[in-house]
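> fold the following.
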Amino acid sequence: MGGHIDEQAYCHYQLATGYYQTGDLEGVADATRRLKQLNDLSGDVNTAYDYYSVGMVYYVMLSQAHPERTDYRDSIAYFSLKSIGIIEKMSDEEILDAQIKPVWNYYNHAILYDPEEGEPCPDSIMKYLDLAEETVSRFDYRYQDWERDECYISIGDERAWLHYYKGDYAKADATMLDVIRLIDTVEQYSPNSVLIEREQACQFLSNLYEETGDLAKALQYEKLKNETHDRRYDIEKQAAMKELKVQYEVEKQESEIKHLQIQNRATRKTSWLLMGLLAFSVALIVLTLLIFRQRKANMTQQLYEKELENENMQQEMAHQAQEKALLTEEYEKLKTLASKNEEYAERYKADLDDLQRRLNASPTKALIGHMAETVRNSKLLMEKDKEGYLVRLNGLEAEQMDRLFASATGKLTSLDTKYILCFMAGMDTEHIAELFGISIDSVYSVRHRVRRKFDKNASLPF
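Below is the predicted model:
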């Protein structure tokens with residue numbers, strides 16, 4: 001469509017976010033080029049912000065790939081300052097409408113001047129850390145408690161390192177201890193979200209106390225660091241195992257469904273063959289009766305045609321009953337598995353409910369209803385989010401979704417179709433991750449994998 005440059009820019013911004021999450025440098029480069037073209041055509045501040053933000057990410061990825069190229073850091077600083085300049089010209093209302101969180105623009109710019117990255121600029125670091133902290137207070141009502149604390153954790157961590165580089169060990173010690181207290185607060189309602197920050201903070205204090213000669217405290221925080229590292233490793237290992245188990249169960253179910261489909265096709269072929277033989281037999285009977293009963297030829301023909309029609313209807317009803325019996329058999333099979341395996345009983349329960357609805361309604365309509373029920377019963381989503389998602393889910397047309405699924409060039413799994421419904425309903429990535437029990441990064445990977453099952457030139461609505 002012509003026009004709507006700001007909306008096009010936002011789309012490319014979202015694409016760039018996905019490319020960055022999956023490490024796709026070419027994708028981010030393409031998004032940067034397209035955003036530059038749109039920015040040259042428009043004087044819109046949102047388009048300009050999208051361009052300079054994505055451009056900064058592009059040069060960050062280039063710098064990570066080629067650390068020997070110092071000129072990339074100059075480009076990062078240029079794009080970062082441009083995006084900050086745009087923010088400082090925007091009103092608070094415009095910042096909120098654009099869904100920008102300025103704290104991270106200032107924080108990311110501050111760490112560009114970190115002494116480990118080049119020539120130390122402590123005044124610049126302090127200036128942008130102060131601006132970052134000021135924007136947290138300025139938009140305090142916008143943050144949830146854990147978001148606000150995580151902002152202060154990042155800012156405090158960088159302040160502690162700055163004091164350390166300047167040789168002010170007392171301030172470095174006090175600042176990092178404040179960071180750990182914030183980490184303790186965040187862990188009360190999100191136990192595993194700040195493990196990396198805790199491990200890094202303990203490492204910092206261990207090094208600091210060792211350098212200042214307080215070996216007892218250095219040993220104490222070295223032990224805490226190791227305990228945190230082991231805990232983080234265990235959690236990551238459990239998450240990986242859980243993902244493998246989920247993948248195994250999904251593949252197992254898909255294999256069972258494929259086997260049932262093969263059996264169903266074979267049954268249909270047999271049914272058609274029998275119907276063909278039956279029709280042929282009836283035709284022979286009719287022909288024989290016509291030869292031997294010339295006087296009642298018309299009456300006999302009508303009689304047998306009616307019998308044949310009834311026979312075909314009975315065969316069709318039997319065929320439909322057979323298909324329903326196969327679904328019922330699958331339902332009972334999953335029900336038995338659920339009763340024997342408590343760990344996956346809840347997962348099987350969702351599939352059992354889905355099969356029950358398939359016995360009574362169209363597959364796609366039943367799937368939409370199942371996803372709406374999942375959203376409605378979620379304990380993680382806020383009510384206002386549920387209401388919006390339920391309206392959009394129930395507004396999806398089954399026929400429209402059938403056409404979308406049918407346009408796929410690759411095989412869509414049942415799990416793929418559930419994700420597509422969430423994408424079509426405009427759910428936030430964070431909320432999709434909560435519904436399916438996966439990480440936000442995994443949602444971006446799923447979106448990328450599902451899109452690859454469609455023609456690359458297809459205009460998909462997600």
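
> just the pLDDT for the residue found closest to residue 45 once you drop the neighbours it is linked to in the chain.
Spatial nearest neighbour of residue 45, chain neighbours left out: residue 86 (5.6 Å); criterion: Cβ to Cβ, 6 or more residues apart in numbering. Where C-beta positions appear, they are placed from N, C-alpha and C, glycine not excepted. What the model reports as pLDDT for residue 86 is 90.

> so residue 86: helix, strand or coil?
Secondary structure for residue 86, judged by DSSP: H, G, I helix; E, B strand; the rest coil, is helix.

> for residue 249, see how far away residue 256 is.
Note on residue 256: its distance to residue 249, by Cβ to Cβ, to the nearest Å, is 11 Å.

> ditto for residue 40
50 Å.

> what does residue 419 give?
On the measure of Cβ to Cβ, residue 419 and residue 249 end up 16 Å apart.

> same question for residue 121.
53 Å.

> try residue 159
Distance, residue 159 to residue 249, by Cβ to Cβ: 47 Å.

> ok, those two, which is more surrounded?
Under the criterion of other Cβ atoms under 10 Å, the comparison of residue 159 against residue 249 puts residue 159 first, with 22 against 16.

> how close does that one sit to residue 196?
Per Cβ to Cβ, residue 159 is found 18 Å from residue 196.

> what's the helix or strand in which residue 134 is found packed up against?
When elements are assigned from DSSP states H and E, residue 134 belongs to helix 122-138. Under the contact criterion of 3 or more Cβ pairs under 8 Å, 6 or more residues apart in numbering; DSSP states H and E, helix 122-138 touches helix 102-110, helix 145-165.

> what comes up buried for that helix?
By neighbour count with 16 or more other Cβ atoms under 10 Å, helix 122-138 contains the buried residues 125, 128-129, 131-133, 135-136.

> now, which of the residues you listed sits nearest residue 407?
Closest approach to residue 407 among the buried residues of helix 122-138 (Cβ to Cβ): residue 135, at 44.6 Å.

> got the contact list for the closest one?
Listed by Cβ atoms under 8 Å, 6 or more residues apart in numbering, the contact set of residue 135 reads 101-103, 106.

> mind putting those in a markdown table, pLDDT and neighbour count included?
Shown next, in a markdown table, are the contacts of residue 135 (pLDDT from 0 to 100; neighbours: other Cβ atoms under 10 Å):
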| residue | pLDDT | neighbour count |
| --- | --- | --- |
| 101 | 87 | 17 |
| 102 | 89 | 21 |
| 103 | 88 | 25 |
| 106 | 89 | 22 |
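
> next, residue 183: secondary structure please.
helix.

> confidence score at it?
The predicted local confidence for residue 183 is 91.

> right, and it touches residue 195 too?
No - between residue 183 and residue 195 there is no contact under Cβ atoms under 8 Å: 9.1 Å.

> which SSE is residue 205 in?
Assessed by DSSP H and E, residue 205 sits inside helix 195-212.

> list the buried ones in that helix?
Using 16+ other Cβ under 10 Å as the test for burial, helix 195-212 gives 195, 197-206, 208-209.

> stretch 9-28 too?
9-10, 12-13, 15-21, 24, 27-28.

> thanks a lot, see you next time.
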